[in-house]
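> Fold the following.
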Amino acid sequence: MQSTFKRPVLLSIVCILGFIWIVFSFPSVFSPSIKKMGDWYPALFGLIVASSFISYIGLWHMKRWGVQLFLITFFIKETILVVVQDVNFMGIFFSILFIVPMMVFYKRMDLNL
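Residues are numbered from 1 along each chain as shown. All right, here's what the predicted structure looks like:
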C-alpha cells in the first residue's frame, strides 16, 4: 500500500545528506582511530551508524519511527561521545539542523510501520 503522505523536499534533502554521511561514516567503523578509543567502541559506533541508516530509511518513507530512532540514536551517540571525551560541536550543530525539519513535518508522518 502506498503512503498517502508526500515527502517534502526539505526532508528529501536531509535524507540524501544523511545517506551520504552514512556512506562516509561506515568505513570509519574499522579505522584504527576508532579502535584506539576502546575495545567496545567500534561495535557501538557501528551500531550507531546502522541505526542512523535505518532512521533515514524511516524518514525517507515518512514514518514517525524514523524520527524517533534518529533522536534516540542522536542522544545515545552524544552521551557516549561525552563519556569518551570526544564531543564534536559541529556534529551536534548539523544533527540539530537535521532534527528541526524532522520535527516540523513530524505530524504529517505516518504512524504505521
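> What residues of the helix or strand bottoming out on mean pLDDT in the chain count as buried?
Across the helices and strands of the chain, mean pLDDT, DSSP states H and E gives its lowest value to helix 32-35, namely a mean of 85. Of the residues in helix 32-35, those buried under the neighbour-count criterion (16 or more other Cβ atoms under 10 Å) are residue 34. Bear in mind the C-beta positions are built from the backbone N, C-alpha and C, glycine included.
> Repeat that for stretch 72-87.
Buried residues in stretch 72-87, counting neighbours by 16+ other Cβ under 10 Å, are found at 73, 74, 77, 80, 81.
> Would you reformat those residues as a markdown table and include secondary structure, pLDDT and distance to residue 50?
Written out in a markdown table, the entries for these read as follows (DSSP: H, G, I helix; E, B strand; the rest coil; pLDDT from 0 to 100; distance: Cβ to Cβ, whole Å):
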| residue | secondary structure | pLDDT | distance to residue 50 |
| --- | --- | --- | --- |
| 73 | helix | 95 | 9 |
| 74 | helix | 94 | 14 |
| 77 | helix | 91 | 12 |
| 80 | helix | 88 | 15 |
| 81 | helix | 87 | 17 |
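> contacting residues around the nearest residue to residue 25 once chain neighbours are set aside?
By the measure of Cβ to Cβ, 6 or more residues apart in numbering, the closest residue to residue 25 outside its immediate chain neighbours is residue 49, 5.1 Å from it. With contacts taken as Cβ atoms under 8 Å, 6 or more residues apart in numbering, residue 49 has the following neighbours: 22, 25, 26, 29.
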